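In: sequence unknown, structure follows:
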């Protein structure tokens, strides 16, 4: 990206074509942006300035020593003594970033921007925060301000990231053509980097960074294309890298509801080198790959896609209990092909009779069949679900809900209410929610290698509707927050 006197030049791909020019200053004027007045600074000879500088030095020393609490207190003293101490605001912003205090980080960068309106680092961080929060108009203003500022030499991957961010948001000011040209140019450069970048540790970290940024900045389609190009480049000599990029592709497909693209990806990979982020040390069997892909899709809400992928896993290996159980449960839950659901779940139970998830599925099946108590044909829903509850340490609200349903259907009304109350207590307990959200954090950063949705949203996907159903069964009105 080239900046000349506040004019952002957006080069087209075809050689010899005159670059399209976007006047960043004019666009900022059109958006009504006016720079804030810089607050008056404390006199250099004043006691306030002296206190502020001393606190700034103390904050830096504490920061270098790793004492974040002391550093935070000192930086706060510095900006309280002199609100125009831009160095102290910079230190506070970086400290807040390390501590993952987004509120304080945003406040500090805003102050820094007011004091130093052409500070490209402050502009970049503020733009990133705006994009993460979905404040696209604010982000565009900051991206245009960045284009006006003195150019900073960036590595090619970072340049692509900023060009994509700006290009995708230029339509907000009716610059769709120029925005698309910038996006196309950046996409082509990224694909070239994906194919040519070496597979060393430095490149590994850089690619993990760019994929994460693109997903969070509404450029997921570009990230998906780049991940597959990287996977096919031949540059990824370490199996962990191949597993990471495969997982990233599948997860992004799941968000797009595109199981067909995941299927095409898996079929393009060598059967003897199938790896995922969590399973990279040894190649996976093809059926295991399809199973894991199905779990990723269904976990992210693409139920039909997950079912299609599980069908392929079972076609390849009809003895995979988790694939049999998961597909059977989804068929049962959605009221699709109940005979097939029963066949799959019964088979999964034969293979893995002491798995809580399989017992839960079979218990739900028995409820649908009206077999609540044990009979000559075998175990009934109540017995199966009570064992599932025991095996899950009474900590799975969905299994408890199913047990309550079975007990209610059998006329055991008090037992049913106890089970439902216990399930509702779990779902509304802050500790339970926090633990589950933390688990989703681990799944995204560890198992998948990329964070694609807030973990709180994945929690809602997993337990969505259960709280309301249970309140309805118990006749409980949600307590007001006022």
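Out: That came in fine, so what should we check first? Here the structure is a predicted model, which is why all the values come from computation and not from measurement. Numbering: from 1, shown residues only.
In: going by C-alpha atoms from here, please, whenever you check contacts or count neighbours.
Out: Noted.
In: what's the closest non-adjacent residue to residue 337?
Out: Once flanking residues are discounted, residue 337 sits nearest to residue 331: 6.5 Å by CA to CA, 6 or more residues apart in numbering.
In: need the strands for the protein, in chain order.
Out: Applying DSSP state E to the chain gives strands spanning 2-4, 7-10, 20-23.
In: give me the mean pLDDT for the second one.
Out: Spelled out, it's strand 7-10. The pLDDT scores in strand 7-10 average 34.
In: check the shortest one too.
Out: Strand 2-4 comes out with an average pLDDT of 28.
In: contacting residues around residue 351?
Out: Residue 351 makes contacts with 319, 321, as judged by CA atoms under 8 Å, 6 or more residues apart in numbering.
In: quick check: phi and psi at residue 371.
Out: Phi and psi for residue 371, reported as degrees, to the nearest 10, are phi -100, psi 80.
In: from residue 347, how far out is it?
Out: 18 Å (CA to CA, to the nearest Å).
In: and if you look at residue 179?
Out: In this view, residue 179 and residue 347 are 54 Å apart by CA to CA.
In: and those two? Which one has more around it.
Out: Neighbour tally, residue 179 and residue 347, criterion other CA atoms under 10 Å: the higher count belongs to residue 179, 24 against 20.
In: what's near enough to touch the spatially closest residue to the more buried one that is not a sequence neighbour?
Out: Counting by CA to CA, 6+ apart, residue 179 lies nearest to residue 167, which is 4.0 Å off, once chain neighbours are set aside. With contact set as CA under 8 Å, 6+ apart, residue 167 has these partners: 178, 179, 180, 181, 182, 183.
In: swap in residue 170?
Out: With contact set as CA under 8 Å, 6+ apart, residue 170 has these partners: 140, 176, 178, 179.
In: confidence score at the closest residue to the second one other than its chain neighbours?
Out: What it means is residue 176. Spatial nearest neighbour of residue 176, excluding adjacent residues (CA to CA, 6+ apart): residue 170 at 6.1 Å. Note for residue 170: predicted pLDDT of 95.
In: distance of residue 170 relative to residue 200?
Out: Distance from residue 170 to residue 200, by CA to CA: 35 Å.
In: do residue 391 as well
Out: 44 Å.
In: also residue 448?
Out: Taking CA to CA, one finds residue 448 at 20 Å from residue 200.
In: next: residue 268.
Out: 24 Å.
In: residue 79 now?
Out: On the measure of CA to CA, residue 79 and residue 200 end up 42 Å apart.
In: for the stretch 301-450 of the chain, give me the ranges with low pLDDT.
Out: Within the stretch 301-450 of the chain, no stretch has pLDDT under 70.
In: ranges for the helices of it?
Out: 303-316, 321-334, 338-351, 356-369, 381-391, 397-409, 413-427, 430-442 (DSSP state H, counting those that start in this stretch).
In: in the shortest one, what's buried?
Out: Just to be clear, that refers to helix 381-391. By neighbour count on 16 or more other CA atoms under 10 Å, the buried set for helix 381-391 is 381, 382, 383, 384, 385, 386, 387, 388, 389, 391.
In: of those residues, which is the nearest to residue 429?
Out: The closest of these to residue 429 turns out to be residue 389 (CA to CA; 18.1 Å).
In: what sits against the closest one?
Out: Applying CA under 8 Å, 6+ apart, the residues near residue 389 are 356, 395, 396, 399, 400.
In: could you flag which of the contacts of residue 170 are buried?
Out: Buried by 16+ other CA under 10 Å: 140, 178, 179, out of those.
In: among these, name the ones in helices.
Out: If you go by DSSP state H, the buried ones among the contacts of residue 170 have 140, 178, 179 in helices.
In: of the residues you listed, which is the nearest to residue 442?
Out: residue 140 (32.2 Å).
In: that closest one contacts residue 171, doesn't it?
Out: No - applying CA atoms under 8 Å as the test, residue 140 and residue 171 come out as separate, 9.9 Å apart.
In: just give me the neighbour total for the closest residue to residue 290 other than its chain neighbours.
Out: Leaving aside its sequence neighbours, residue 290 sits nearest to residue 313 (CA to CA, 6+ apart; 5.0 Å). Neighbourhood size, residue 313 [other CA under 10 Å]: 25.
In: same thing with residue 457?
Out: 14.
In: mind pulling the model confidence for it?
Out: 94.
In: where's it relative to residue 301, distance?
Out: Taken as CA to CA, the span from residue 457 to residue 301 is 11 Å.
In: likewise for residue 444?
Out: Distance of residue 444 to residue 301, computed by CA to CA: 15 Å.
In: residue 369 too?
Out: Taking CA to CA, one finds residue 369 at 27 Å from residue 301.
In: just to revisit the earlier point, ok, so of the contacts of residue 170, who is nearest residue 418?
Out: Looking across the contacts of residue 170 and measuring by CA to CA, the closest to residue 418 is residue 140, at 53.6 Å.
In: ok, the nearest residue to the closest one once chain neighbours are set aside - contacts?
Out: Counting by CA to CA, 6+ apart, residue 169 is the residue found nearest to residue 140 once chain neighbours are left out, at 6.1 Å. Residues near residue 169 by CA under 8 Å, 6+ apart: 136, 137, 140, 179.
In: how near is residue 169 to residue 368?
Out: 51 Å.
In: does residue 250 touch residue 262 like I think?
Out: Yes - using CA under 8 Å, residue 250 is in contact with residue 262, at 5.7 Å.
In: quick one, which of these two is more surrounded?
Out: A direct count of neighbours by other CA under 10 Å for residue 250 and residue 262 places residue 250 higher, at 27 against 24.
In: can you tell me how far the more buried one is from residue 297?
Out: 8 Å.
In: do residue 246 as well
Out: Distance from residue 246 to residue 297, by CA to CA: 14 Å.
In: now do residue 402
Out: On the measure of CA to CA, residue 402 and residue 297 end up 24 Å apart.
In: residue 343 now?
Out: Using CA to CA, one gets 23 Å for the distance from residue 343 to residue 297.
In: the two: who's more crowded?
Out: residue 297 (28 against 13).
In: touching, that one and residue 291? I think so.
Out: No - between residue 297 and residue 291 there is no contact under CA under 8 Å: 10.0 Å.
In: circling back to that earlier point, need the residues touching each of residue 250 and residue 262.
Out: Contacts common to residue 250 and residue 262, judged by CA under 8 Å, 6+ apart, are residue 293.
In: surely residue 253 and residue 261 touch.
Out: Yes - the pair residue 253 and residue 261 qualifies as a contact (CA under 8 Å) at a distance of 6.7 Å.
In: which of residue 369 and residue 301 has more neighbours?
Out: Ranked by neighbour count (other CA under 10 Å), residue 369 and residue 301 place residue 301 first, with 17 against 12.
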